[in-house]
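*Asks:* One predicted model, sequence on top.
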Amino acid sequence: MEEKKKEKKRKKSGGVIGFVRDFTYGMATHGMARHALKQRSSMEHLFILITMGDMLGIPILPPYYSLRLLPYVVPQITTWKRRMLREKDFMDSMY
Amino acid sequence: MSLADFFIQYPNRRYLMYGGKGGLGKTTFSAATAYYLAKKGKRVLVFSVDPQASLSDIFERDIFGKGNIEIMENLFACEVDADKRIQDYQEEIRQKIISMYGMKKIPEEIESYIKASSAEPAMEESAIFDAVVDIVVKGNFDYYIYDLVPLGHALYYLSMASVYDAWLEKITSLREQMKEYDKAIATMKREDTEQDDIYNELMYIKDRIGSSSKIMTDTEKTAFFFVLTPEEMTIVDTEKAAQLFAKYNVPLSGYIVNRVINRELLKDNIPTYLRNRIGMQAGALEMIDQTFGSSVLSSVPEFDSEIKGLDVIRNLAEVMFEEKLP
């Protein structure tokens, strides 16, 4: 674990050259990364919707096995609910 | 073919199930078959997941929710407590959430979701079939005799399994797409990707559902017997159910007719009521012969006492398998 952290640090910061490299890299990819993250979180919400849909009153499937997935999505539940219920039509938010 | 021949001819059929309408004798036949095979030196587990299970009654021992109980040499019986299983399972989920996030208490909306889940219609069926996988995976028995809950449950589960399968297929591919994004983001940010626990859970669920529906549909290892009585309505219902089961590829292996009144009685001076019943059964038996023909493996007469205790079970086994008269 410690090793890994150090490795990460070394990768991220490496003096002036490293800074310049990170800077240009960041300039180039920041937008893309943001877009990808946004896309990823949309998918996350879609995923919770099709596994935990009955929380919003949309019965999707019997919950015996979906309960197994519940622990992993606990932190996202609140934001997901807010987002799903805010949309005029939740189908819009699926894409 | 007789029922005894069946077990000689198909020694690989290790999962035996009796199905049929309620109260026709599934449990008694399960017990008698278990007795017969145990006496032949096979290790047998007979189990039930019905909340109104009557294995306890039939063996005259309280075995409900107590695990595998030895009834006699080689014969074990087990009654699964489905309610308790669901509760334990919910508790396990709670503990997992608490330990994953170091919470003191489960958030209210999560808690209410967990609570509400036990009221869902398919919760019990899923829990039951999941329990069956556990029993079959864990045990080291030669035969597993499954005292099936009434037909509806089994059919419901089988159809559910195929729906589940399609659902899992979809979310697994969504999950895989998400993984791709994770990878892309990680490369852009030059970080390592984390392992996807949800994906592993999905694979586990897939495996569980696969094996539980496989137990019911394995043509090599499973034998499914229908129990019926000589009454027109039962015959019609059984035929319908058999067609549905066949649709889900359940290996139907034969029919056993229960509660046949001895026709010899007609020679005696018997009340009209009994005479009429025998007449009615004669018609129904003919219908059974036309409908199921040689698939009828055994015909069991009506007993004059309730089937309870090992002595009576032995008698029943002799009638079923050795075609002795009671």
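*Replies:* Structure received.
*Asks:* I'd like the average pLDDT over the longest helix along chain B.
*Replies:* Criterion DSSP state H: the longest helix present in chain B is helix B:151-189. The average of the pLDDT scores along helix B:151-189 is 80.
*Asks:* for that helix, packing partners?
*Replies:* If contacts are counted by 3 or more C-beta pairs under 8 Å, 6 or more residues apart in numbering or on different chains; DSSP states H and E, helix B:151-189 sits against helix A:15-52, helix B:123-138, helix B:197-217, helix B:232-247. (Each C-beta comes from the backbone N, C-alpha and C, glycine too.)
*Asks:* To B:Arg277, which of the ones you listed lies closest?
*Replies:* Closest of those to B:Arg277 is helix B:232-247, at 13.0 Å (criterion: C-beta to C-beta).
*Asks:* Just want the angle from the closest one to helix B:151-189.
*Replies:* 20 degrees (axes from the mean of the first three to the mean of the last three C-alpha atoms, to 10 degrees).
*Asks:* after helix B:232-247, next one along is what?
*Replies:* Downstream of helix B:232-247, the next assigned helix or strand under DSSP states H and E is strand B:252-260.
*Asks:* For the chain, give me the ranges with low pLDDT.
*Replies:* Answering for chain A, as no chain was given. Within chain A, the segments meeting pLDDT under 70 span A:1-14, A:57-62, A:86-95.
*Asks:* that answer is for a different chain, and I need it for chain B
*Replies:* Using pLDDT under 70, the flagged stretches of chain B are B:51, B:53, B:149-152, B:326.
*Asks:* picking that back up, off-centre distance for the longest helix of chain B?
*Replies:* 26 Å (C-alpha atoms, centre = their mean, to the nearest Å).
*Asks:* which residues does the nearest residue to B:Ala131 once chain neighbours are set aside contact?
*Replies:* Spatial nearest neighbour of B:Ala131, chain neighbours left out: B:Val80 (4.8 Å); criterion: C-beta to C-beta, 6 or more residues apart in numbering or on different chains. Contacts for B:Val80 (C-beta atoms under 8 Å, 6 or more residues apart in numbering or on different chains) come out as B:Phe47, B:Ser48, B:Val49, B:Gly65, B:Ile128, B:Ala131, B:Ile135.
*Asks:* Pull the number of nearby residues for the fourth one.
*Replies:* When neighbours are counted by other C-beta atoms under 10 Å in any protein chain shown, B:Gly65 registers 14.
*Asks:* okay, now the closest residue to it other than its chain neighbours: neighbour count?
*Replies:* Nearest residue to B:Gly65, sequence neighbours excluded (C-beta to C-beta, 6+ apart): B:Asp81, at 3.4 Å. Counted by other C-beta under 10 Å, the residues lying close to B:Asp81 total 16.
*Asks:* and the residue nearest the centre of chain B, how far is that from chain A?
*Replies:* Ranked by distance to the mean C-alpha position of chain B (C-alpha atoms, centre = their mean), the top residue is B:Leu148 at 3.5 Å. In this view, B:Leu148 and chain A are 19 Å apart by C-beta to the nearest C-beta, to the nearest Å.
*Asks:* Touching, that residue and B:Tyr18? I think so.
*Replies:* Yes - shown here, B:Leu148 and B:Tyr18 form a contact pair, counting by C-beta atoms under 8 Å, at 6.3 Å.
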